[in-house]
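Undergrad: pasting a predicted model and its sequence here:
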Amino acid sequence: MLLLFVFNGHSFSSKMVKLKIPDHQVAGHQAKTGIIGPLIDDSGKFYKPLQDDERGSNELAFYTSLYSDPRIPSNILKFFPSFHGTEVVDASDGSGLHPHIVLEDIVSNYTNPSVADIKIGSRTWHPQSSEDYIRKCLQKDRETSTIKLGFRISGLRSMGPTNQLWQPHRKVLMDLSAEDAMLILRKFVSSDGNVDEPDCVFASRVFVHVLEELLELKKWFEVQTIFHFCSCSILVVYDKEEIEAKKSARAVVKLIDFAHVVDAKGAIDHNFLGGLCSLIKFVKDILAGLSDVETSNPKP
Ligand SMILES: O=P(O)(O)O[C@@H]1[C@@H](OP(=O)(O)O)[C@H](OP(=O)(O)O)[C@H](O)[C@H](OP(=O)(O)O)[C@H]1OP(=O)(O)O
Ligand SMILES: Nc1ncnc2c1ncn2[C@@H]1O[C@H](COP(=O)(O)OP(=O)(O)O)[C@@H](O)[C@H]1O
C-alpha cells in the first residue's frame, strides 16, 4: 500500500519496509545514539533522514539532478552512491514517519568492512551560511586537522581478519596532527589498528587503487566549475578478508554528504581540490614508505 505524506510543503510516498540501524556507520548523525539517523534494508539500500531545513532540500535537490546532469562525466558519476528517490519510513528515534533519501548502501556487500570517512577541504562552510553556522564550523575547523591538513578524518573503523575491531574515538580523531593523521591512515591498512607499530600489510593492495581513484577525481576537480562541495566526505571502504582471498578485490572510493553543496558560479572548488591534493600526498607518502615485505600481497 502507498500512502502520501507531506513534509516541508513537499509530498512523499510512504512504503512499509523493514529497516535496521547500520553496524558500520563511522560518522555523522547516528541512529544507534538514539537520535534520528540513517537506516538500512536487506536489499542494499541506505535511508538517510531528510533534514528538515535547507540541508535536507539541498541534498535531495543535488541527488535529484545529479544523474541527469549532462555536465557530469560518466567516469565521475561512479564516485556517487546511486540514488533511489525518497521514501517515508519510520524514523530511527521513534518519532514516527519521516522522509528519507534512499541511496545505495556502499558497505552492503561487505561482511566486515573497514571504513574511513574523510571530510575534505580546509573550510567546511560556505560564505552564504549564517554567521552562527560559520562560527560553529570555523571553531571545529581550527580545533581539528581541517585547516592544518585540508581534511579531517571524521570517523574510521578497521576490522582485522580475526575480527578485532579498531575504531578510534571521535575525540581522538578531532585532534590530529599531520603525524597522527599519517599513523591513523597507516593503521587503517594494517592487520590490527590497535598496535603502536602498524604493519601496513594491506597498504599497497588498498592504497594503490585508492590513489588511482583520487587522482581521477582530482582531474575532474581541476576543471569542474559546477559545484562547490562544502563539508563533503570521501568514504573509503574495503574488506581485509576479501582483499586476502581474492586477487580482484579492491577498495571503494565514494563521495558522500551533499547537504552543503553550492553552485560554483563558474569558479574552481579550490577548497575541495586543495584538501584532495593533501590527502593524495598522505596516501603517496604511505605507499612510498612501504618496505618490500609490506608491498608484497599478504598471504591468506
Ligand atoms: O552536529 P555536530 O557538531 O556533530 O556536527 C556534524 C558533523 O560532525 P563533526 O563534528 O564535524 O564530525 C557532521 O560531520 P560528519 O558527517 O561526522 O563528518 C556533519 O558535518 C553534520 O552536518 P550536516 O548534517 O552535514 O549539516 C554536522 O552537524 P550540524 O553541525 O550541521 O548539525
Ligand atoms: N550511501 C552510504 N552507504 C553506506 N554508508 C553511508 C552512506 N552514506 C553515509 N554513510 C555512513 O554514514 C556516515 C554519515 O554520513 P553523512 O552523509 O555524512 O551524514 P551526516 O549528514 O549525518 O553527517 C558516513 O560516515 C558513513 O559511515
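TA: Everything's here; your move. Ligands and ions are numbered 1, 2, ... in the order given.
Undergrad: using the three-state scheme, assign the closest residue to Ala259 other than its chain neighbours.
TA: Spatially, and ignoring its direct neighbours in sequence, Ala259 is nearest to Arg55 (3.8 Å; C-beta to C-beta, 6 or more residues apart in numbering). From N, CA and C alone the C-beta is placed, and that goes for glycine too. Taking DSSP: H, G, I helix; E, B strand; the rest coil as the rule, one finds Arg55 in the helix state.
Undergrad: neighbours around Arg55, how many?
TA: Other residues near Arg55 number 15, with proximity taken as other C-beta atoms under 10 Å.
Undergrad: please shift the residue numbers so they start at 293 in all later answers.
TA: Got it, the first residue is 293 from now on, which makes the last one we talked about Arg347.
Undergrad: can you tell me how far it is from ligand 1?
TA: 5 Å (C-beta to the nearest ligand atom, to the nearest Å).
Undergrad: again with Tyr359
TA: Taking C-beta to the nearest ligand atom as the measure, Tyr359 falls 21 Å from ligand 1.
Undergrad: got a list of what that residue touches?
TA: Applying C-beta atoms under 8 Å, 6 or more residues apart in numbering to Tyr359 gives the contacts Leu369, Ser374, Phe375.
Undergrad: which ones are touching the residue of the stretch 443-592 of the chain found nearest ligand 1?
TA: Relative to ligand 1, the nearest point of the stretch 443-592 of the chain is Ser446 (3.1 Å; C-beta to the nearest ligand atom). Contact partners of Ser446, counting by C-beta under 8 Å, 6+ apart, are Val318, Ala319, Gly320, Asp409, Ile410, Lys411, Arg462, Leu465, Ser525.
Undergrad: for Leu342, give me its contacts.
TA: Neighbouring residues of Leu342 by C-beta under 8 Å, 6+ apart: Phe299, Gly348, Ser349, Glu351, Leu352, Thr378, His390, Pro391, His392, Ile393.
Undergrad: quick one: is the helix or strand the fourth one falls within near ligand 2?
TA: Yep, that's Glu351 we're talking about. Secondary structure assignment for Glu351, by DSSP states H and E: helix 346-358. No: using C-beta under 6 Å from any ligand atom, we find that helix 346-358 stays clear of ligand 2, coming within 7.4 Å at best.
Undergrad: go on, stretch 547-566?
TA: Yes: for stretch 547-566, a contact with ligand 2 is found by C-beta under 6 Å from any ligand atom, at Ile548, Asp549, Ala551.
Undergrad: which of the three states applies to the last one?
TA: Three-state call for Ala551 (three-state DSSP): coil.
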